[in-house]
Every structure is written in C-alpha cells, then in structure tokens.
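Engineer: I need the structure of the sequence given here:
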Amino acid sequence: ETQQGEQKMRTLYIVPIIHIIEDYGSLASAFQDVYIRLLGQKKFDEKQKQIREFWILAEKEMRKHVKKIKGLIIYQDAFPATDRKKIQKFFDLSVNDNPKSPNFLLIKKLLTDGAILEGTEDFNLIVEQMELAKQLILAPSEEERKAILEKTKDRSAEIVRLRDAFIAKRIWETLPSEGEGIIFIGRDHDVIKALEELEAEGEEINIICL
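Structural biologist: Below you'll find the model as predicted:
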C-alpha cells in the first residue's frame with residue numbers, strides 16, 4: 001500500500017528532433033539550395049546521412065527506457081491541438097506527404113504497438129512561424145536575409161516561447177495521472193522550463209531526456 005505523501009509521478013520522455021531535408025515540405029528544395037550554396041553538396045549529403053543515423057540511435061535509446069509502449073501518449077512538434085481522430089488523420093496525411101521521415105516512421109511504429117497520438121500545438125503560432133521562415137529562406141540576397149532576420153528575430157523568439165507555454169499546458173492537461181508520454185520536439189524549444197513553471201500548480205512530471 002502506498003504510504004501517505006508518496007505517489008507515482010507522470011513521466012515524460014523528450015526526444016530532440018533533427019530534420020532530414022524532406023521534413024521541410026514545400027520549402028525543402030529552397031532549404032536544400034541554400035545549404036548546398038553555402039556548404040557544398042558533399043557536406044549536405046554527409047549531414048543527411050548523419051541525421052538518419054541519429055534517428056536509429058534515438059529509437060534504440062527510447063526503447064531502452066520506455067518499457068511499455070501500449071498507452072504511451074505521443075506529442076509531436078508542429079501537430080495541432082485537436083481531437084484524437086483528427087490528429088490521427090493529420091498524421092496519416094503527413095506520412096503520405098513525407099514517407100521517408102525517420103521521425104514519422106518511428107511514431108508509426110509506436111502507434112502500431114499501441115501508443116496514442118495526442119494533439120500538441122497552437123496551429124496559428126505554427127503558421128506564423130512558417131511564414132517567417134519562408135520570408136528568410138526565399139530572400140533574394142544575403143543582405144535581405146540578414147535584414148529580415150533582424151526585423152523578425154524578437155517575434156520569432158516570442159513565438160517559440162508562446163509555443164513552449166502552449167505545449168507544456170497541453171501536456172499538463174492531457175498526460176494521465178501515473179501515465180507516460182513522449183514528445184518529439186525541436187532543439188530550439190525549452191518545454192522543460194515551461195513545464196517547471198506549471199509544477200507549482202500541482203502534480204509534478206518526471207522528465208527524462210533521451
């Protein structure tokens with residue numbers, strides 16, 4: 001019997017996302033052109049190979065820590081907060097658009113093993129951030145790119161902060177008591193800090209970075 005004051009915590013595993021070029025969707029070719037122009041084809045190809053190797057290692061590390069996949073709640077960077085049937089359809093469309101994504105292929109395996117995909121983000125913020133990224137990547141010159149970066153840097157940082165706060169609140173509200181979740185999230189985010197700000201309000205979450 002659990003003694004008074006002792007309780008099992010909720011657990012959240014964090015997997016950092018490193019994107020292959022296909023993950024950028026309609027902007028992929030523009031990103032690829034800029035990367036190759038700056039660093040060359042060889043460096044670009046090496047980077048893509050390294051990213052795929054990272055995901056192989058990430059899956060091994062995850063399976064070492066997460067013993068029970070059935071019932072695991074999955075949160076995915078840039079997936080909108082909506083009901084589970086709609087988010088499953090959104091995921092299916094995303095996989096169809098990008099069948100080579102190691103991130104999506106790993107999620108697909110987890111779903112097959114009984115994990116549950118949960119909506120994660122405020123989609124309005126995602127759209128706004130994508131528009132800012134599009135301005136940067138499609139800038140006709142390096143000078144214009146630097147000017148856009150300077151003009152938008154404060155708002156870009158604010159969007160990331162607002163996204164982190166929304167994601168943290170979403171996890172807080174949807175991760176069941178004593179449940180386990182996993183979030184796939186870009187490395188420029190700090191969801192841990194946002195979650196720590198919520199912990200004063202109630203049950204803590206045990207965070208494990210993979």
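Engineer: show me what contacts residue 134?
Structural biologist: When contacts are counted by C-beta atoms under 8 Å, 6 or more residues apart in numbering, residue 134 touches residue 27. Where C-beta positions appear, they are placed from N, C-alpha and C, glycine not excepted.
Engineer: For this protein, which helix or strand comes out least confident on mean pLDDT?
Structural biologist: When the helices and strands of the chain are scored by mean pLDDT, DSSP states H and E, helix 28-39 comes last with a mean of 87.
Engineer: Could you tell me how far it lies from the centre of the chain?
Structural biologist: On the basis of C-alpha atoms, centre = their mean, to the nearest Å, helix 28-39 sits 22 Å off its chain's mean C-alpha point.
Engineer: buried stuff in it?
Structural biologist: Along helix 28-39, these residues count as buried under the neighbour rule (16 or more other C-beta atoms under 10 Å): 31, 32, 34, 35.
Engineer: got it, and stretch 115-129?
Structural biologist: 115, 116, 117, 118, 119, 120, 121, 122, 125, 126, 128, 129.
Engineer: what comes into contact with that stretch?
Structural biologist: The list of residues contacting stretch 115-129 from outside it, by C-beta under 8 Å, 6+ apart, reads 69-84, 86-88, 91, 107, 111, 156, 159-160, 162-163, 166-167, 170, 174, 181-183.
Engineer: okay, now the residue nearest to residue 115 when sequence neighbours are not counted: neighbour count?
Structural biologist: Of all residues beyond its chain neighbours, the one nearest residue 115 is residue 72 (4.2 Å), with distances taken as C-beta to C-beta, 6 or more residues apart in numbering. Each residue near residue 72 was counted by other C-beta atoms under 10 Å, and the total is 20.
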